[in-house]
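S.K.: Sequence unavailable; structure follows:
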């Protein structure tokens, strides 16, 4: 009698998301992606990988600069225009169930945060760490550039605290972050969020959930032509 049949390898859809944890559109894009994924019939066969992208690699580790003034200076707008821009993105975030407190968010260098996210990926809790960092920054006003705050936030997401501290105090995963950023350049990614599906489709920006769902369905159809 022959033994049991070997398991049949199941193809999956791989989604890579280039993002930064201090990018307001990235958190909104995450929620829209989650809604699009929820509507996808094969959502359990989707692998999601978060990739590193620093909006401002030269940013200081921490800053007390007023976020409204910083936005006005960066884009050459008036303070009133910057306030209106904050109100607009806060309203869009609220539509996705997110509470933004942009007045409390302080700019931070995110290189260490990205290194910790690579650790989280290795430990199987990258999605949880990504979500926790977004919420800590945009809703709770926590300073992700502060090493101890970053370690605490990572631990809240299920990352071993001692391992996170070792990463922050050393240089582990620095090349992984740099590699993600080099790859972004090779793919022509200049802004985030940016979604790459099966290395065939790219979605730039926080697009509607329906568009993301259609892209997932197209990628699935491409990978399973016999089922079409």
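M.R.: Thanks, I have it. Predicted model only: the values in this text are computed from it and were never measured.

S.K.: show me where pLDDT drops low in this structure?
M.R.: Along the chain, the parts satisfying pLDDT under 70 run over 1-10, 227-228.

S.K.: which residues in it form strands?
M.R.: Using DSSP state E, the strands of the chain run over residues 13-19, 46-52, 194-197, 201-204.

S.K.: Mind putting these into CSV with distance to residue 160 and mean neighbour count?
M.R.: C-betas here are computed from N, CA, C, even on glycine. Converted to CSV, these look like this (distance: least, C-beta to C-beta, whole Å; neighbours: other C-beta atoms under 10 Å):
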stretch, distance to residue 160, mean neighbour count
strand 13-19, 23, 22
strand 46-52, 19, 18
strand 194-197, 29, 22
strand 201-204, 33, 16
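
S.K.: what's residue 196 in contact with, if anything?
M.R.: Taking C-beta atoms under 8 Å, 6 or more residues apart in numbering as the contact definition, residue 196 lies against 15-18, 187, 202-203.

S.K.: Repeat the analysis, applying 6 Å as the threshold.
M.R.: 16, 202 (C-beta atoms under 6 Å, 6 or more residues apart in numbering).

S.K.: Please report how far it lies from residue 187.
M.R.: In this view, residue 196 and residue 187 are 7 Å apart by C-beta to C-beta, to the nearest Å.

S.K.: So what's the residue count around residue 68?
M.R.: Counted with other C-beta atoms under 10 Å, the neighbours of residue 68 add up to 17.

S.K.: For the residue nearest to residue 146 when sequence neighbours are not counted, name its beta-bridge partners.
M.R.: For residue 146, ignoring the flanking residues on the chain, the nearest one in space by C-beta to C-beta, 6 or more residues apart in numbering is residue 62 at 6.1 Å. Taking DSSP bridges, one obtains residue 108 as the residues bridged to residue 62.
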